[in-house]
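Undergrad: just coords:
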């Protein structure tokens, strides 16, 4: 996602993730920061538990208006999941910040709601069918005694689904 936003021309980037990130959130943040650093950028990291939580940067509560409308507003934000990205679209709308005119927002998961025309969210798509097969296979393997080892991580390929929530910065 960082590369997509950077290729569009964005330089004022942020990652929005939960206050208590899980392993997947942490890996998404790590990859985003690495890709941004490769381009010489240092994104803002915003902790936020939508819809009602207050966003914070470095443990300090901030107002969305300060980061989206202030002197140097963010122009590209990667949310750790689509639901946070969709809430962020609502926040931007309430502040009069046009997406994608003034702000590009991207998510992760490609939930069904992301495809709605009003939302039209650019997102990372996961191979749901393959993930279900992996999960069911692992469960059956444990039930049948074929898998006896501890938990392991299996990586699945993801893809970028570009929709209408990203564009070059103003």
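TA: Sure thing, it's come through. What you see is a predicted model; the values in this text were computed from it and never measured. Numbers count the residues shown, from 1 in each chain.
Undergrad: Tell me how many other residues crowd residue 104.
TA: For residue 104, the count of nearby residues is 25 (other C-beta atoms under 10 Å). All C-beta spots, glycine's among them, are computed from the backbone N, C-alpha and C.
Undergrad: Could you list which residues are in contact with it?
TA: Under the criterion of C-beta atoms under 8 Å, 6 or more residues apart in numbering, the neighbours of residue 104 are 5, 8, 10, 75-77, 122, 165-167, 169.
Undergrad: Return the backbone torsion pair for it.
TA: phi -100, psi 130 (degrees, to the nearest 10).
Undergrad: For it, give its distance to residue 64.
TA: Distance, residue 104 to residue 64, using C-beta to C-beta, to the nearest Å: 16 Å.
Undergrad: List the residues that contact the residue lying closest to residue 98 once chain neighbours are set aside.
TA: Distance criterion C-beta to C-beta, 6 or more residues apart in numbering; nearest residue to residue 98, sequence neighbours excluded, is residue 92 at 7.6 Å. By C-beta under 8 Å, 6+ apart, the residues touching residue 92 are 68, 98-99, 103, 105.
Undergrad: One more: residue 106?
TA: For residue 106, counting by C-beta under 8 Å, 6+ apart, the contacting residues are 1, 4-5, 76-79, 85, 121-124, 165-166.
Undergrad: Would it be right to say that it lies in a strand?
TA: Yes - looking at residue 106 with DSSP: H, G, I helix; E, B strand; the rest coil, it is inside a strand.
Undergrad: tell me the centre residue of this structure?
TA: In the chain, the C-alpha nearest the mean C-alpha coordinate belongs to residue 79, at 2.7 Å (C-alpha atoms, centre = their mean).
Undergrad: hey, what's that one bridged with?
TA: Residue 79 has these beta-bridge partners by DSSP bridges: residue 16.
Undergrad: One more: residue 105?
TA: residue 77.
Undergrad: Which helix or strand in the chain has the lowest average pLDDT?
TA: Between all helices and strands in the chain, the lowest mean by mean pLDDT, DSSP states H and E belongs to helix 128-143, at a mean of 82.
Undergrad: Give the buried residues for that one.
TA: The neighbour-count criterion (16 or more other C-beta atoms under 10 Å) identifies no buried residues in helix 128-143.
Undergrad: Name the next helix or strand downstream of it, please.
TA: Heading C-terminal from helix 128-143, the first helix or strand you meet, by DSSP states H and E, is strand 159-161.
Undergrad: Does that following strand pack against any helices or strands, and if so which?
TA: Counting contacts by 3 or more C-beta pairs under 8 Å, 6 or more residues apart in numbering; DSSP states H and E, strand 159-161 is packed against strand 122-125.
Undergrad: what lines up beside the strand it packs on in the sheet?
TA: strand 104-109 (parallel), strand 159-161 (antiparallel).
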